[in-house]
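Visitor: can't give you the sequence, but here's the structure:
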């Protein structure tokens, strides 16, 4: 985690889903597109995680 940002792996662990699921949700437009770090890796803000938790609660 850098500067409070979360990796796709960390977000997936927090939500109990796979990293691939997070990527699919992004591509399907269910969640907003992640910001990218200098390496091009997806990074999420804590607020993004909160929104995804709402999605998971609605789906599961």
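Guide: Structure's in. What do you need? Everything numeric here is computed off the predicted structure, so don't read it as measured data.
Visitor: List phi and psi for the nearest residue to residue 37 once chain neighbours are set aside.
Guide: For residue 37, ignoring the flanking residues on the chain, the nearest one in space by Cβ to Cβ, 6 or more residues apart in numbering is residue 43 at 5.1 Å. C-betas here are computed from N, CA, C, even on glycine. In this entry, residue 43 is assigned phi and psi values of phi -130, psi 140 (degrees, to the nearest 10).
Visitor: where do the helices sit along this structure?
Guide: Here the chain has its helices, by DSSP state H, at 8-15, 19-28, 46-59.
Visitor: quick one, which of those helices is packed in tightest?
Guide: The highest mean neighbour count among these, using mean count of other Cβ atoms under 10 Å, belongs to helix 8-15: a mean of 16.
Visitor: Identify the residues contacting stretch 51-60?
Guide: Stretch 51-60 is contacted by residues 11, 14, 15, 16, 17, 22, 25, 30, 31, 32, 44 when judged by Cβ atoms under 8 Å, 6 or more residues apart in numbering.
Visitor: again, only using 7 Å
Guide: 11, 15, 30, 31 (Cβ atoms under 7 Å, 6 or more residues apart in numbering).
Visitor: Run the angle between the helix or strand of the chain with the lowest mean pLDDT and helix 19-28 for me.
Guide: The weakest-scoring helix or strand in the chain, judged by mean pLDDT, DSSP states H and E, is helix 46-59 (a mean of 92). Following axes from the mean of the first three to the mean of the last three Cα atoms, to 10 degrees, one obtains 90 degrees for the angle between helix 46-59 and helix 19-28.
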